[in-house]
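Trainee: need a structure here:
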Amino acid sequence: MPAFHRFTIHPDPTLTNPLYSLPFSFLDQPLGSSPLFTPAAEMEGTRRRSTTTTKPFRKLTDHDESSALTGPKASDALPLPLYITNALFFTVFFSVVYFLLTRWREKIRNSTPLHLLTLSDIVAIFAFVASFIYMLGFFGIDFVQSLILRPSPDVWAAEDDDEDEEDLLKEDARKVPCGQALDCTAPPQKLAVVPSPPLKPKVVDEIPFPTTLKEEDEEIINSVVAGKTPSYSLESKLGDCKRAAAIRREALQRITCKSLSGLPLEGFDYESILGQCCEMPVGYVQIPVGIAGPLLLDDKEYSVPMATTEGCLVASTNRGCKAIHLSGGATSVLLRDAMTRAPVVRFGTAKRAAQLKFYLEDPANFEDVSTAFNKSSRFGRLQNIKCALAGKNLYIRFSCSTGDAMGMNMVSKGVQNVLDFLQKDFPDMDVLGISGNYCSDKKPSAVNWIEGRGKSVVCEAIIKGDVVRKVLKTNVGALVELNMLKNLTGSAMAGALGGFNAQASNIVSAIYIATGQDPAQNVESSHCITMMEPLNGGEDLHVSVTMPSIEVGTVGGGTQLASQSACLNLLGVKGASKETPGANARLLASIVAGSVLAAELSLMSAIAAGQLVSSHMKFNRSKKDVSKVSS
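Mentor: This next block holds a predicted model:
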């Protein structure tokens, strides 16, 4: 194993910056492997870059380092120690100020013109100017430059020789050079220079420089790695979102010494997510999208996109869609459409909090409150208010329609308007938070299960007996019994909250990711109860799903991204409905419920027929016999 040595770089006069033209692997090459490098083992501290010819290096003293990093000071002009010089000029400055003020006060009392100067006045003025210039040079200039002339930490350094030298000094002081190559093995602290014949360069398993980056981006990357430039500010400073993502990605690899080669960067519109979908991107995750269907729902066919990495999920849903289609289709009913937000406010007494509760729940006051609420949006319309009291704390649950948007921001703005309106009549109301979790968002809760949130939908279908036998490979009686014992009794035994189903969250999550919904709202959107009953003397099967809180939208958020927009377009619900505001979002909720119905039907049939394990082994697992694989 060859010995590695520290080196200095001889600049090539034909290059603007010799560091930018070198491969990163040269930084870890052994001594003598490149004519650009010269050993400098005697140097323990920082190094300066030569600007003319190569000269022998000497160890830098503290004074050298201070001069190199801070530049000349005003005190360098005098051969006195710094503290004596400062004391002298401080004494002179305040002495002459006191003298001049005293002289001017005497002149004012004696009615003597101030411009008439004696010799002592002239000497004092000159001493004042000299001491002021010294203190300004010693303290003021550096302070003014730090506030006005010097760039802030958010702006990377200028490309002049002095700052290049300072950067080199700081970089050379690092003990572990992880910034250039992704080999984080710490070099030895001190090595003796041992002459050796030229050796082949060390092969470093490093990540190739991204093709989207240019050589001038190297300085920005180094600035991010050093912490001078915040990563989150790259988009605003560069004005190029893709370039910012590439630079952030490369800086992250150097900081963490971990490769992101498997995370794609190309092929994504980073402008489309700026300021609304994702901050500080370094790439995007690929999730396969499968198509289940056609789903025959309310006499229309829909091909349902599902983004998932789980095997059998799309195939199972597709089988359920087939059974529904062969049986004449499914029917959906929208029960409610209202997004909620519940702030928490506090009063001095419970009686005072109850007074606000009675005020808000009084129908006579609803018009005034709704007027304040509705002025925030032309689509947001207040529907009702429900209050809950806990001591002197009041939780106010506002419900409103939101058009084709999912509506969280819309309802929050309306609630803020109402709180401002109520503050006039209830000045002692203390608003603790715009959300008090009585909404309830992204958490399982009884209030959503009972009252609903977003779109409340019920979807049903009658599956013919021969379809149950031939397509689903089971029988009506087995399905009804399994549903009662598993989805109803079993969930009750587990203390489920809205989880009286087999796999509603599987389908909700897959469709949400494919269509640009908020995946975290899968929590309450998956609240579902699956019911199965025999019909026509047990020959046919009635199956239904009731989902009280499906939270979806077709505008805003991730719905505008290219891939998600394409999936919405496939379903015919892209964007806002021009004819009936909110129609596209309501239709999407019905499609989600219909897809859940198909998936529930197929999975329950697989379990009843004993096919669950065999189907997953066939489509979702490796066929390799691990018992025969040698360890």
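
Trainee: what comes up buried for stretch 259-271?
Mentor: Buried residues in stretch 259-271, counting neighbours by 16 or more other CB atoms under 10 Å, are found at 260, 265, 268, 270. For the C-beta atoms, the positions are set from N, CA and C on the backbone; glycine is no exception.

Trainee: what's the answer for stretch 451-463, then?
Mentor: By neighbour count on 16+ other CB under 10 Å, the buried set for stretch 451-463 is 451-463.

Trainee: any idea which of the buried residues of stretch 259-271 is closest to residue 304?
Mentor: Of all the buried residues of stretch 259-271, residue 304 sits closest to residue 268, with 24.3 Å by CB to CB.

Trainee: quick check: closest non-adjacent residue to the closest one.
Mentor: With sequence-adjacent residues excluded and distances taken as CB to CB, 6 or more residues apart in numbering, residue 268 is closest to residue 284, at 4.9 Å.

Trainee: that neighbour contacts residue 266, correct?
Mentor: No - at 9.8 Å, residue 284 does not count as touching residue 266 under the criterion of CB atoms under 8 Å.

Trainee: now the strands for the stretch 251-400 of the chain?
Mentor: Taking DSSP state E, counting those that start in this stretch to define them, one finds strands in the stretch 251-400 of the chain at 289-297, 300-307, 331-341, 344-346, 381-390, 393-401.

Trainee: contacting residues around the shortest one?
Mentor: Outside strand 344-346, the residues that touch it by CB atoms under 8 Å, 6 or more residues apart in numbering are 353, 356, 392-396, 419, 429-433, 435-436, 438.

Trainee: still on that earlier bit, out of the strands of the stretch 251-400 of the chain, the one nearest residue 129 is which?
Mentor: Using CB to CB, the strands of the stretch 251-400 of the chain put strand 344-346 closest to residue 129, at 62.7 Å.

Trainee: what is the burial count for residue 575?
Mentor: 14 (other CB atoms under 10 Å).

Trainee: kindly reformat the strands of the stretch 251-400 of the chain as JSON lines containing distance to residue 523, mean pLDDT and mean neighbour count.
Mentor: Shown next, in JSON lines, are those (distance: least, CB to CB, whole Å; pLDDT from 0 to 100; neighbours: other CB atoms under 10 Å):
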{"stretch": "strand 289-297", "distance to residue 523": "22", "mean pLDDT": "97", "mean neighbour count": "21"}
{"stretch": "strand 300-307", "distance to residue 523": "18", "mean pLDDT": "98", "mean neighbour count": "20"}
{"stretch": "strand 331-341", "distance to residue 523": "15", "mean pLDDT": "97", "mean neighbour count": "20"}
{"stretch": "strand 344-346", "distance to residue 523": "21", "mean pLDDT": "98", "mean neighbour count": "19"}
{"stretch": "strand 381-390", "distance to residue 523": "21", "mean pLDDT": "96", "mean neighbour count": "16"}
{"stretch": "strand 393-401", "distance to residue 523": "18", "mean pLDDT": "97", "mean neighbour count": "22"}
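
Trainee: got a markdown table for the ones you listed, with distance to residue 232 too?
Mentor: Shown next, in a markdown table, are the strands of the stretch 251-400 of the chain (distance: least, CB to CB, whole Å):
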| stretch | distance to residue 232 |
| --- | --- |
| strand 289-297 | 30 |
| strand 300-307 | 28 |
| strand 331-341 | 28 |
| strand 344-346 | 31 |
| strand 381-390 | 37 |
| strand 393-401 | 33 |
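
Trainee: out of those, the one nearest residue 604 is which?
Mentor: Of all the strands of the stretch 251-400 of the chain, it is strand 289-297 that lies closest to residue 604, at 16.4 Å by CB to CB.
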